[in-house]
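> curious how this folds, go ahead:
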Amino acid sequence: PPPLPPSFLSEANRDPNTRKIPRLDNAPIIGSIAQIRAANQAADALMATAAASVKRQNMKSWTNEQILAPDAIFPPSIDPVILSTTIKEFVEAQIIEYLGEVEGTFVDFVMNHLGKSSGDGGGSSACTTKALLDELSIVLDEDAETFVVDLFRKILED
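Predicted coordinates:
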């Protein structure tokens, strides 16, 4: 047979005790696959919450122009309870201020828009502040910009 190339003649190939990487079968067992998966999911959820918190803190310093930028989305992780109570009350109060009465379909439209932006953490279906501004401009005219900025800031408060 032909001679082996030099790469096969290393010490690791001659003596199995000289391995640099420890074998996995000697590693201590730390739990079942389900326990490891649950621990990983908990760690991922904690990291996602921390990232959303940092993002929310950064958004607090945004100017009106940044809030209304074409790619700006509403703050992440809008709690559904807060969305359905505090934010809905705020939206209703703002609509009364601008239109003189509560328009149920108008409130529902805004709340559905916010629900889309909180549903997947900013994915492709997340609605932007600009999209809401464009829709509300039809009804609120020049007040739409103020409404969207105030709504954005109100969400950051809660």
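> and the closest residue to residue 72 other than its chain neighbours, how far from residue 33?
Excluding the flanking residues, the one nearest residue 72 by C-beta to C-beta, 6 or more residues apart in numbering is residue 129, at 4.8 Å. Where you see a C-beta, it was placed from the backbone N, CA and C, and this is true even at glycine. Distance from residue 129 to residue 33, counting by C-beta to C-beta, to the nearest Å: 43 Å.
> ok, residue 65 next?
49 Å.
> between residue 129 and residue 33, which one's more packed in?
Each of residue 129 and residue 33 has its neighbours counted (other C-beta atoms under 10 Å); residue 129 has more, 23 against 7.
> quick one, phi psi at that one?
The phi/psi pair for residue 129 (degrees, to the nearest 10) reads phi -60, psi -30.
> check residue 128 too.
Torsion angles at residue 128 (phi, psi; degrees, to the nearest 10) stand at phi -90, psi 160.
> so how far is residue 2 from the closest residue in space to it that isn't next to it in sequence?
Using C-beta to C-beta, 6+ apart and skipping residues adjacent in sequence, the residue nearest residue 128 is residue 73, 5.4 Å away. Remark: distance between residue 73 and residue 2 (C-beta to C-beta) = 64 Å.
> between these two, which one's more packed in?
Counted by other C-beta under 10 Å, residue 73 and residue 2 do not tie: residue 73 has more neighbours, with 20 against 4.
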